[in-house]
Each structure stands twice: as C-alpha cells, then as structure tokens.
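Asks: what's the 3D shape of this:
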Amino acid sequence: MTAPPRRGLRRSVRLFSAFLVEQSDPQRFYSELAADSLELLREHTDLRGRTVLDVGAGPSEFARAFRAAGAQYVPLDHDAGVPSVRDGGLVGDARRLPLADGSIDVVFSSNMWEHVPDPEAVADELLRVTRTGGVVFLSYTNWLSPWGGHETSPWHWLGGERAIRRYERVHGHPPKNRVGDTLHRVSVRQGLAWADAVDAEVLAARPRYLPDACAAILRLPGIREVVTWNLLLILRRR
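Replies: Just a heads-up that it's a prediction; the model follows:
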C-alpha cells in the first residue's frame with residue numbers, strides 16, 4: 001500500500017484526452033484507465049498475490065495491468081466472447097455470481113453498473129463474494145452526467161429515446177447502448193445510498209476522473225448528478 005498521491009488537474013486532462021480517442025485508439029484509452037485504476041486501488045490494498053475478480057470484464061488491458069502487478073486476475077462477464085474472458089475467464093450473471101461468499105480479495109467493477117437493470121442487487125453480489133477485510137472497487141457513469149447516454153450523449157439530456165432516434169438518423173444504425181435495454185438511468189444518489197447501507201467501510205467516494213478537490217461535489221444534490229461524470233466507490237468489507 002502506498003501513500004495517496006495528490007490527484008490534480010493534470011491527471012484529469014490526461015484521462016479525458018485518452019477518453020476522446022476511445023473509439024479510434026482503444027488501446028491507449030483502456031491502458032490509461034487500467035493504470036489509473038491500479039493506482040487508486042494501491043492506496044488501499046497490496047495487489048501482489050491477491051485474487052482480483054473483474055466483474056463486467058472486457059478490454060484485455062485490465063488483465064495485463066493486474067497480472068503485471070502480481071495479482072491473480074479472474075475476469076467475469078455474461079458474454080463468453082469478451083477477449084479477457086476467452087483467456088481463462090468466467091461466464092456468469094453479475095446478479096448471481098458463481099462464487100462462494102467471502103472468496104475474493106479484491107472485487108473490481110468498472111463502468112458496468114449502468115448496464116444492469118438492478119444495480120443494487122449486483123453491488124450486493126460484489127460485496128457478498130469479497131472476503132472480510134477485502135476491497136470492492138465500483139465505478140460507473142451516472143445518467144445525468146455529460147456521458148450518461150454514452151454514444152448518444154449529450155442528447156440524452158433531452159430524453160433517452162429522442163437521443164436514440166437522433167443517433168439512428170445521423171449514423172444510419174442504432175446505438176450499441178439503448179436506454180432501458182443495455183443502458184439504465186442510474187444516479188450518484190443510488191450509489192452513495194447503497195454504500196451507506198451496507199456493512200462496509202467507505203474508503204473513497206468521489207468523482208473518478210476529476211481532481212481530488214472535487215470530492216465536495218458529492219455533498220451537493222442535483223449538481224453532483226451533472227458534474228460528477230463517473231462515481232468512484234471503494235469499500236472495505238467488515
């Protein structure tokens with residue numbers, strides 16, 4: 001475990017610059033995000049020799065980063081075709097994880113919560129399979145953030161279905177992420193309420209991509225739903 005760094009504007013600029021090329025250069029984006037995720041986790045746990053379950057796994061950059069850090073990385077996704085799952089991962093439903101209670105050291109879930117219809121049930125499962133003293137990393141994009149509609153953003157602010165229709169007119173095909181189907185309207189309030197209600201210590205609760213000083217935004221209902229962009233929760237199971 002290392003001393004926490006001061007995350008400032010330079011880090012945010014680097015992450016958002018990588019975000020802009022997610023479609024054209026996904027390796028750069030996911031490599032940056034994976035490296036940053038490991039830095040966040042190392043503030044609270046040593047990854048060497050730890051079993052890390054990645055729920056909603058996808059890009060292989062996370063697998064490489066965790067394994068390079070000495071972790072026993074186990075990817076899980078509902079889609080058997082996901083690259084990291086094809087390489088020795090698990091296929092399963094995040095609402096009913098095929099693992100025993102308290103069997104995992106670190107449970108990691110990045111940008112998956114907004115894609116499940118019952119996010120609190122999924123979060124309960126993440127905590128269930130985490131051992132006592134283990135860590136849960138949960139991060140997701142909330143609906144009212146600038147990227148809440150994903151590729152239909154920012155038109156989702158005018159309505160999810162309207163944003164889908166506009167996307168189809170402009171691109172000639174439907175978006176991958178359809179609100180009410182593969183994308184759901186989750187809020188910052190939901191995540192904070194869940195973390196407050198479970199038997200775990202909240203180690204971090206802040207906007208994931210913004211400077212540390214922006215953590216105070218979470219105390220402002222309404223404003224936090226637009227400004228947060230992506231909520232980060234790190235918990236230690238009691």
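Asks: the lengthiest helix in the chain packs against which elements?
Replies: What stands out as the longest helix in the chain, according to DSSP state H, is helix 26-42. Here helix 26-42 touches helix 9-19, helix 60-68, strand 104-110, strand 130-141, strand 230-237, going by 3 or more CB pairs under 8 Å, 6 or more residues apart in numbering; DSSP states H and E. From N, CA and C alone the C-beta is placed, and that goes for glycine too.
Asks: who's in contact with that helix?
Replies: With contact meaning CB atoms under 8 Å, 6 or more residues apart in numbering, helix 26-42 is reached by 1-2, 5, 11, 14-15, 18-19, 21-22, 47, 59, 61-62, 64-66, 69, 106, 108, 110, 135, 137, 139, 204, 232, 234.
Asks: for the residue lying farthest from the centre of the chain, report the pLDDT, please.
Replies: The outermost residue of the chain relative to its centre, with distances by CA atoms, centre = their mean, is Arg169 at 29.9 Å. Looking at Arg169, its pLDDT stands at 97.
Asks: and Leu232, what does it touch?
Replies: Shown in contact with Leu232 (CB under 8 Å, 6+ apart): Leu40, Phe137, Leu138, Ser139, Ala204, Ala205, Arg206, Pro207, Arg208.
Asks: now Leu203, what's its secondary structure?
Replies: For Leu203, the assignment made with DSSP: H, G, I helix; E, B strand; the rest coil gives strand.
Asks: return the helix or strand in this protein with minimum mean pLDDT.
Replies: Scoring the helices and strands of the chain by mean pLDDT, DSSP states H and E places helix 83-86 at the bottom, with a mean of 78.
Asks: for it, which residues meet the burial criterion?
Replies: Ser84, Val85 (16 or more other CB atoms under 10 Å).
Asks: dump the residue contacts of Phe62.
Replies: So Phe62 contacts Tyr30, Ala34, Ser37, Asp54, Tyr73, Pro75, Ser84, Phe108, Ser110 (CB under 8 Å, 6+ apart).
Asks: let me fix that, I meant to ask about Pro83.
Replies: Pro83 sits next to Gly58, Pro59, Ser60 when contact means CB under 8 Å, 6+ apart.
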